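Engineer: next comes the sequence, and after it the predicted model I'd like to discuss.
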Amino acid sequence: MSDDEQLLDASSVAAEQVATEDEDVLKTKEGAGSNEDEIDEELTDFGCLGSSAACNPFKKFHRFLILVLICLLSFGSYYCYDNPAALAPQFKNDLGLMGGDYMLLYSLYSWPNVFLCFIGGYLIDKVFGVRLGAFLFGLMVTIGQLIFAAGAYLNNRNVMYVGRFVFGLGGENLAVAGNTYIVSWFAGKEINMVFGINLSFSRIGSTVGMVTLAPFYKAIAPYFGDNKPHLMGSLLLFGALLCLFSLLCSVILAALDKRATKILKKTASGTGETIKLSDITRFSTATWLIFMICVTYYVAIFPFVSLGKLFYEQKFGLNQAQAGICNSLIYFIGAGASPIAGLMVDYTGRNVSWLLTSIIMTLGAYGLLAFTFLHPYVAAVIMALAYSICASSLWPMVSLVVPEYQLGTAYGMMQSIQNLGLALVGYAAGIVSAQYGYFMLSLMFMLWLALSTVSIVLLWAWDAGNGGYLNASPSRRKEMDEEEVQSIMEESEGRRPLISDSSVLDISTSFRAATARELRRKYRTSIEHGAHPQHSQSAEFHRSIAEGASINLGMSYNFTSVANPSILK
């Protein structure tokens, strides 16, 4: 055969291949269009304005609506938690609660949560699921505040104690449910920002309660005359109405989450896997180090805020109004700084580095308070910024080292340990400040921060020895996720990678480390049971892909990749 004939033959073959490929592409597009039409019909069948942006889980606006509902989930709880602090003089003068009797209102909230946070997380994972769990815990918060208000109205401290106890049963567990919702919907490159926004809303709830209750008291006092218990009960009832509003948000959130689960064909958050209570013994070293950092950092923050007003008055000579403003800066600044800090962590990654930075900043703030007479506003601002950075970088790391089906248990365990630390260290802080003064109190908090620093250095060393995922940049995490998924497919198939389409690789941007490892286990399990994912389209395999796509706020995935599973071939 001549060179011209060979060239002509090769050209013919190439032309046939191009035509075949064009035909395949056309079929794929037609299939995708058909799938899009089917999904539009399915969205309409589910109601709620059909496939409008507000009700379409593939749209950004829908996920923004989910974020708003998650933020409102605990708003009422945080508003009511500091009701005693906001009305401390009134509790003392109108209801006769002071000293130990007054502090028991907080103790009855904290001590049960040493155990109930973990149990609540287990119930979310194992029994209720996040939807029913969030509703039940929100209901406990609402009932607890109602009982608390009734006790104040009747001037019966025992009823008030029962109310605070019931309130505590639901308060921390409601936060666990909110964290689980966040990871389910937003696990990916924007999760740090979302945690920051949620924290801001929580702090706004606390701040609104601290700022508004005293003026409300003065505004309605003339209508009750000398009947102060009725006045206090009516005022606390307003908090119960806010808890009821948050409960309504939990119902709407559950309905939208259930709807999205059906449309996206993904498993419900926190369910779908069998776990045991003994699973906590198999948490990684990194998980326990994160728990240690959490407790050693927060015990140096919240007890100080509880005692900070008197500290500012005694050492720096501030009047009550100035001391109150200075003491509240950590919440005021934190509400605005937390989303910004979350964006920074989202953009740069490197959670471990940011966490270490926040701890060093807090140590510096305590150094200024303990060893200098520089205006305390400077130290308070530094501490507030550090607190925001810590929250935005610490809490999301749990989702990077714990499989999704254990997240409720992990977050419950984390908050349980935190409550234990706050209960013990808070009580000790009161003794130290009363017997040894505020200088020794500052040194005690600095000691806890030193332990937190040691823990973060150990976490850094662990991460460096295990690939460096926690302290990697977002682009590097994407590369690591793609490399792991590709190696899984190559190892299982023994031939070319299954995932080669660039649009499918875009989906892996939203995979976190735990999800990639989970995908490996799910994929290999399907092979062992004879379900070849290339041909049978394993349900677990595609749910993993769909979950990864549905939680990327940047919406970088190709709609066809999710709607048409055949593209994975």
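Structural biologist: Received, thanks. Numbers count the residues shown, from 1 in each chain.
Engineer: give me the buried positions along stretch 215-227.
Structural biologist: Of all the residues in stretch 215-227, those buried under the rule 16 or more other Cβ atoms under 10 Å are residue 217. In short, each C-beta sits where N, CA and C put it, glycine included.
Engineer: the helix or strand harbouring residue 455 packs against which elements?
Structural biologist: Element membership of residue 455, judged by DSSP states H and E, is helix 438-464. Helix 438-464 sits against helix 285-298, helix 302-316, helix 351-371, helix 407-435, with contacts defined as 3 or more Cβ pairs under 8 Å, 6 or more residues apart in numbering; DSSP states H and E.
Engineer: between helix 285-298 and it, find me the angle.
Structural biologist: 160 degrees (axes from the mean of the first three to the mean of the last three Cα atoms, to 10 degrees).
Engineer: list the buried residues of helix 438-464.
Structural biologist: In helix 438-464, counting by 16+ other Cβ under 10 Å, buried: 438, 441-442, 444-446, 448-449, 451-453, 455-456, 458-460, 462-463.
Engineer: pipe the helices and strands packed on helix 438-464 into JSON lines and attach mean neighbour count per row.
Structural biologist: Converted to JSON lines, the helices and strands packed on helix 438-464 look like this (neighbours: other Cβ atoms under 10 Å):
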{"stretch": "helix 285-298", "mean neighbour count": "22"}
{"stretch": "helix 302-316", "mean neighbour count": "19"}
{"stretch": "helix 351-371", "mean neighbour count": "20"}
{"stretch": "helix 407-435", "mean neighbour count": "21"}
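Engineer: would you reformat those as CSV and include mean pLDDT and distance to residue 59?
Structural biologist: Shown next, in CSV, are those (pLDDT from 0 to 100; distance: least, Cβ to Cβ, whole Å):
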stretch, mean pLDDT, distance to residue 59
helix 285-298, 95, 33
helix 302-316, 80, 38
helix 351-371, 95, 29
helix 407-435, 80, 25
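Engineer: need those helices in CSV with distance to residue 384, can you?
Structural biologist: Output for the helices and strands packed on helix 438-464, formatted as CSV (distance: least, Cβ to Cβ, whole Å):
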stretch, distance to residue 384
helix 285-298, 14
helix 302-316, 10
helix 351-371, 9
helix 407-435, 19
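Engineer: to residue 217, which of those lies closest?
Structural biologist: helix 302-316 (18.8 Å; Cβ to Cβ).
Engineer: and the next helix or strand past the closest one?
Structural biologist: helix 320-348.
Engineer: for the residue most central in space within the chain, give its distance to residue 301.
Structural biologist: The structure's the chain has its C-alpha centroid closest to residue 179; by Cα atoms, centre = their mean the separation is 3.3 Å. Residue 179 is 19 Å from residue 301, where distance means Cβ to Cβ, to the nearest Å.
Engineer: just the strands in the stretch 1-150 of the chain please.
Structural biologist: Taking DSSP state E, counting those that start in this stretch, the stretch 1-150 of the chain contains no strands at all.
Engineer: what about it, any weak spots by pLDDT?
Structural biologist: 1-58, 98-100, 102-103, 117-118, 120-121 (pLDDT under 70).
Engineer: from residue 145, how far out is the residue nearest to residue 131 when sequence neighbours are not counted?
Structural biologist: With Cβ to Cβ, 6 or more residues apart in numbering as the criterion, residue 131 has its nearest non-adjacent residue at 3.7 Å, and that residue is residue 254. Using Cβ to Cβ, we find residue 254 at a distance of 21 Å from residue 145.
Engineer: between those two, who's got more neighbours?
Structural biologist: The residue with more neighbours, out of residue 254 and residue 145, is residue 145; 31 against 19, by other Cβ atoms under 10 Å.
Engineer: give the contact list for the more buried one.
Structural biologist: 76, 80, 163, 167, 236, 239, 240, 243 (Cβ atoms under 8 Å, 6 or more residues apart in numbering).
Engineer: restricted to helices, list the residues you listed.
Structural biologist: The helices, defined by DSSP state H, take in 76, 80, 163, 167, 236, 239, 240, 243 from the contacts of residue 145.
Engineer: closest to residue 222 out of those residues?
Structural biologist: residue 236 (18.4 Å).
Engineer: which other residues reach stretch 71-78?
Structural biologist: Here stretch 71-78 makes contact (Cβ under 8 Å, 6+ apart) with 134, 138, 141-142, 145, 167, 170-171, 174-175, 177-178, 181, 197-198, 201-206, 209, 239, 242-247, 249-250, 253.
Engineer: for residue 456, what are its contacts?
Structural biologist: Applying Cβ under 8 Å, 6+ apart to residue 456 gives the contacts 289, 293, 352, 355, 356, 359.
Engineer: between the residues you listed, which is closest to residue 467?
Structural biologist: Of all the contacts of residue 456, residue 467 sits closest to residue 352, with 12.8 Å by Cβ to Cβ.
Engineer: give me the distance between the closest residue to that closest one other than its chain neighbours and residue 401.
Structural biologist: Sequence neighbours aside, residue 471 is the residue nearest to residue 352 in space, at 4.1 Å (criterion: Cβ to Cβ, 6+ apart). Using Cβ to Cβ, residue 471 is found at 12 Å from residue 401.
Engineer: give me the more crowded residue out of the two.
Structural biologist: residue 401 (25 against 20).
Engineer: gap between that one and residue 287?
Structural biologist: From residue 401 to residue 287 the distance is 5 Å (Cβ to Cβ).
Engineer: same check, this time on residue 214
Structural biologist: Relative to residue 287, and taking Cβ to Cβ, residue 214 is found at 42 Å.
Engineer: check residue 104 too.
Structural biologist: Residue 104 is 33 Å from residue 287, by Cβ to Cβ.
Engineer: and of the contacts of residue 456, the nearest to residue 319?
Structural biologist: residue 359 (31.8 Å).
Engineer: could you pull up the residues touching that closest one?
Structural biologist: Counting by Cβ under 8 Å, 6+ apart, residue 359 has contacts 293, 297, 386, 390, 449, 452, 453, 456.
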